[in-house]
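Visitor: Just a sequence and a predicted model for now, questions to come.
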Number of protein chains: 2
Amino acid sequence: VSGASGQEPGLPRQSRTVAEAGEHAIIERIRSRLGPAPDWLLVDAGDDAAVYEAPRNLVEVITTDAVVDGVHVDRRFVPPAAIGHRALAVNLSDLAAMGATPRLATLSLALPSDFPTDDLDALVDGMLALADRTRTRIVGGNVTSIAGPLVVDVTAIGCAHRRRVLRRGGARPGDYVFVSGTLGDARAGLAALRNRADEPASAAAHAVARYLQPEPRLRLGHLLARHKAATSAIDLSDGLADGLTQIAHAAGLGLEIEAAALPLHADTSAAVRAAGGDPAREALAGGDDYELLFTAPAKRKGPLRAVERLIDGLALTRVGVVTRTPGVAIIHPDGRREAVTGGYEHFVS
Amino acid sequence: VSGASGQEPGLPRQSRTVAEAGEHAIIERIRSRLGPAPDWLLVDAGDDAAVYEAPRNLVEVITTDAVVDGVHVDRRFVPPAAIGHRALAVNLSDLAAMGATPRLATLSLALPSDFPTDDLDALVDGMLALADRTRTRIVGGNVTSIAGPLVVDVTAIGCAHRRRVLRRGGARPGDYVFVSGTLGDARAGLAALRNRADEPASAAAHAVARYLQPEPRLRLGHLLARHKAATSAIDLSDGLADGLTQIAHAAGLGLEIEAAALPLHADTSAAVRAAGGDPAREALAGGDDYELLFTAPAKRKGPLRAVERLIDGLALTRVGVVTRTPGVAIIHPDGRREAVTGGYEHFVS
């Protein structure tokens, strides 16, 4: 095991597992990494609870999501830093889909007794790197042991202008349907990791990076909200088919999606074809991409153009249109219509 | 299995485990129990995140705590309703110790695939009964499967007046030390449940009830804060020895505690003596009572008397004094001094 904890090589290690270290030392390991408190954080981690100032003239947006080893990640091929990154990223992605700016989060860890302290350090550092970059302060948390798999539970809170919150249910007939970035990469990356756990998957490097380090589309969500450019939005944590179904269902309307328009990265598309697959189907099925799906008025194009100018680099692709007929239909290049059923729904949030 | 879900006996059950029910049905089961949204909840569970109004002219107080089967509870003898109650209660107890009024919470569940849907209903109902009584709205959450034990993770948020937050570190030399209620009951109740899992433990009924249904001392915390009656406070989630150590350490001072003054319930005291134990030692060691430990000025007695008049029924017992000499000392009836080391510290909150 190399020095993931930042310790000098060759120095004796006091404890190699969290059970050896004990709860007190674990907590100190984490708290020592948090950095100074922002001025709105009145009582930092270490009391019975943390105290913070409410944001002025803004509403608050809250979401919670867990990463469980064996369900959302597999410790055999997902490094601890990527697990920490993901546990925060999936929550920030929900905030992005609401057009909210993240502010703070809590971290609740259930650690198997043989969990290496080096892995704990790497997990926390992976989370804090994303937290620092997105100005999200971890204000507290909890550590417990578990006779079972690693559980990383995060609750994230952001803020937004009351009249600019992005909802799932605002699509109107005739709106265009957009997705950000490319789809299906994370699914391809996960497949590459599963198939070749001990071999650097250079051909799938892009896909693997997308799976291991999903990027919450906070700036896009913020810009869509600020410019009132979207009528509805959702993040694609559970895949495009699910997102389309949710957006249609929440509006009580339908969506017609052009299979040929779905944006795939060239490497992912080539890999899917090489494996005998259908890129559009992979784009529909693939979860974990954490891109945003949103609808925007077909006629009032100015706000979306302003957003596109400001998010340099991230592609926004028009993939379809909102219809009055409920349900989601994929239009294939040969004109065939295919009904999509998603049906995967979260308790929130 | 009897009708813990409120279903009519004799009706066919559609699914007996959460794996049979599926995530969508689980989420609907929970959401259907939440009741109408309060007016400050602008977007309820069901979107990417929940949206709520910040409290006006108040600061916010946040805490997170988990209940893990096999660590904090044992499903073999703790009913699911008590698990749900406890998962919220431990968080509300932290808010009480800060003098905060609860407002909202999120619920993150990791459920083994064979977890009975009846138990899920009972768990949620046990939590919601406490939530309703304390005006805490569950605004969202997350459900996942786990190849391991049940994990119930709650994050709770309350509000408080900025200048009235109760901290751990405010004790001053000469302050008196108080505890609410009685100590050691939960520990005795847990022992009774462990020893006689299948026999109604009538002799230990009080202790068992205290273990299964801990009552967060929200009204006491609120009154101590409102009347500025306490200089510091902490909840006794990890036992009196731990609480004393934390209060002394946070103030950089010492505590002298009279063993004979520690309040024990008559039944618990009798049970401890019958088993050959020392009641004071049980009171020191016992966690899970969720009473409040606080310090108050010895001279300015008015505020605490006002609190005592308003909390009818809950005893506040003076157990010691704050000293300039760091450390915690127990003074036994024979004059012997015993040093206490707690040393158990939470990552927060």
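Guide: Yep, that arrived.
Visitor: mind listing the strands for the stretch 101-250 of chain A?
Guide: A:101-111, A:137-145, A:151-160, A:176-180, A:232-235 (DSSP state E, counting those that start in this stretch).
Visitor: Which among the ones you listed is found nearest to chain B?
Guide: strand A:137-145 (3.1 Å; Cβ to the nearest Cβ). The way it works is simple: take the backbone N, C-alpha and C, and place the C-beta from them, glycine included.
Visitor: For chain B, what's the nearest residue on chain A?
Guide: In chain A, the residue that lies nearest chain B is residue A:148 (2.2 Å; Cβ to the nearest Cβ).
Visitor: neighbours around the closest residue to that residue other than its chain neighbours, how many?
Guide: Spatially, and ignoring its direct neighbours in sequence, residue A:148 is nearest to residue B:148 (2.2 Å; Cβ to Cβ, 6 or more residues apart in numbering or on different chains). Residue B:148 sits with 23 neighbouring residues when counted by other Cβ atoms under 10 Å in any protein chain shown.
Visitor: surely residue B:148 meets residue A:71?
Guide: No: with contact defined as Cβ atoms under 8 Å, residue B:148 does not reach residue A:71; the gap is 9.9 Å.
Visitor: Pull the contacting residues for the residue nearest to residue A:148.
Guide: A:146, A:147, A:148, A:149, B:110, B:112 (Cβ atoms under 8 Å, 6 or more residues apart in numbering or on different chains).
Visitor: Check which residues of the stretch of helix or strand residue A:93 belongs to are buried.
Guide: Per DSSP states H and E: residue A:93 is located in helix A:80-97. For helix A:80-97, the buried set under the neighbour-count rule, 16 or more other Cβ atoms under 10 Å in any protein chain shown, comprises A:80-97.
Visitor: Is there proximity between the host helix or strand of residue A:20 and chain B?
Guide: Residue A:20 is part of helix A:18-31, with elements assigned from DSSP H and E. Yes: Helix A:18-31 comes into contact with chain B (Cβ under 8 Å from any Cβ of the partner chain), by way of A:23, A:24, A:26, A:27, A:30, A:31.
Visitor: between those, which is nearest residue A:155?
Guide: Of all these, residue A:30 has the smallest distance to residue A:155: 15.9 Å, by Cβ to Cβ.
Visitor: my guess is the closest one contacts residue A:140, does it?
Guide: No: using Cβ under 8 Å, residue A:30 is not in contact with residue A:140; the gap is 10.1 Å.
Visitor: who's more crowded, those two?
Guide: residue A:140 (30 against 22).
Visitor: Beta-bridge partners for that one, please?
Guide: residue A:106 (DSSP bridges).
Visitor: what about it, distance to residue A:62?
Guide: 15 Å (Cβ to Cβ, to the nearest Å).
Visitor: So which of the strands of the stretch 101-250 of chain A is nearest residue A:284?
Guide: strand A:176-180 (11.1 Å).
Visitor: just the angle between that closest one and helix A:80-97, please?
Guide: 160 degrees (axes from the mean of the first three to the mean of the last three Cα atoms, to 10 degrees).
Visitor: what does strand A:176-180 rub up against?
Guide: With contacts defined as Cβ under 8 Å, 6+ apart, strand A:176-180 is touched by A:217, A:220, A:236, A:240, A:244, A:247, A:255, A:257, A:262-263, A:291-298, A:304, A:314-322.
Visitor: Swap in 6 Å and give it another go.
Guide: Strand A:176-180 is contacted from outside by A:217, A:220, A:255, A:291-296, A:298, A:314, A:316-321, using Cβ atoms under 6 Å, 6 or more residues apart in numbering or on different chains.
Visitor: and it, how far from the chain's centre?
Guide: 18 Å (Cα atoms, centre = their mean, to the nearest Å).
Visitor: Likewise for stretch A:234-253?
Guide: Remark: stretch A:234-253 is offset 15 Å from the chain centroid, using Cα atoms, centre = their mean.
Visitor: how about the residues of the stretch 1-150 of chain A near chain B?
Guide: Within the stretch 1-150 of chain A, the positions near chain B by Cβ under 6 Å from any Cβ of the partner chain are A:24, A:27, A:30, A:45, A:47-55, A:59-66, A:68, A:70-71, A:94, A:97-98, A:106, A:108, A:110, A:140-149.
Visitor: Can you say which of those residues are buried?
Guide: A:27, A:30, A:45, A:47-52, A:54-55, A:59-66, A:68, A:71, A:94, A:97-98, A:106, A:108, A:110, A:140-146, A:148-149.
Visitor: And the strands of the stretch 101-250 of chain A: which comes nearest residue B:228?
Guide: strand A:137-145 (24.9 Å).
Visitor: So which elements touch the closest one?
Guide: Packing contacts for strand A:137-145, counted by 3 or more Cβ pairs under 6 Å, 6 or more residues apart in numbering or on different chains; DSSP states H and E, involve strand A:101-111, strand B:59-68.
Visitor: Give me the contacts around the longest one.
Guide: It refers to strand A:101-111. Residues outside strand A:101-111 that contact it (Cβ under 6 Å, 6+ apart) are A:18, A:92, A:95, A:134, A:136-144, A:146, A:151-159, B:64, B:66, B:68, B:151, B:153, B:155.
Visitor: same deal with stretch A:306-319?
Guide: Taking Cβ under 6 Å, 6+ apart as the rule, stretch A:306-319 contacts A:176-180, A:219-220, A:223-224, A:227, A:229, A:257, A:261-263.
Visitor: per-residue confidence averaged over that stretch?
Guide: Average pLDDT, stretch A:306-319: 95.
Visitor: How about stretch A:194-206?
Guide: Mean predicted lDDT for stretch A:194-206 stands at 68.
Visitor: Straight-line length of that stretch, end to end?
Guide: One end of stretch A:194-206 sits 15 Å from the other (Cα to Cα, to the nearest Å).
Visitor: so who does the residue most central in space within chain A touch?
Guide: For chain A, the residue nearest the mean C-alpha position is residue A:90 (3.2 Å; Cα atoms, centre = their mean). Counting by Cβ under 6 Å, 6+ apart, residue A:90 makes contact with residue A:65.
Visitor: rewinding a little: may I see the helices and strands packed on strand A:137-145 arranged in TSV, with distance to residue B:277 and mean pLDDT as well?
Guide: What follows is the helices and strands packed on strand A:137-145, written out as TSV (distance: least, Cβ to Cβ, whole Å; pLDDT from 0 to 100):
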stretch	distance to residue B:277	mean pLDDT
strand A:101-111	32	97
strand B:59-68	27	97
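Visitor: Present those as TSV; the columns should include distance to residue B:123.
Guide: Supplementary listing: the helices and strands packed on strand A:137-145 in TSV, determined by distance: least, Cβ to Cβ, whole Å:
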stretch	distance to residue B:123
strand A:101-111	17
strand B:59-68	10
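Visitor: closest to residue A:75 out of those strands?
Guide: Comparing the helices and strands packed on strand A:137-145 by their distance to residue A:75 (Cβ to Cβ), the top pick is strand A:101-111, with 11.8 Å.
Visitor: you'd agree residue A:18 is up against residue A:115?
Guide: Yes: in this structure, residue A:18 is within contact of residue A:115 by Cβ atoms under 6 Å, at 4.8 Å.
Visitor: what is the residue nearest to residue A:105 when sequence neighbours are not counted paired to in the beta sheet?
Guide: Leaving aside its sequence neighbours, residue A:105 sits nearest to residue A:156 (Cβ to Cβ, 6+ apart; 4.3 Å). With DSSP bridges applied, residue A:156 shows beta-bridge pairing to residue A:63, residue A:105.
Visitor: re earlier: please work out the average pLDDT along the helix holding residue A:20.
Guide: Mean predicted confidence for helix A:18-31 is 87.
Visitor: Now do that helix against strand A:137-145, angle only.
Guide: With the same axes, to 10 degrees defining the directions, helix A:18-31 sits at 170 degrees from strand A:137-145.
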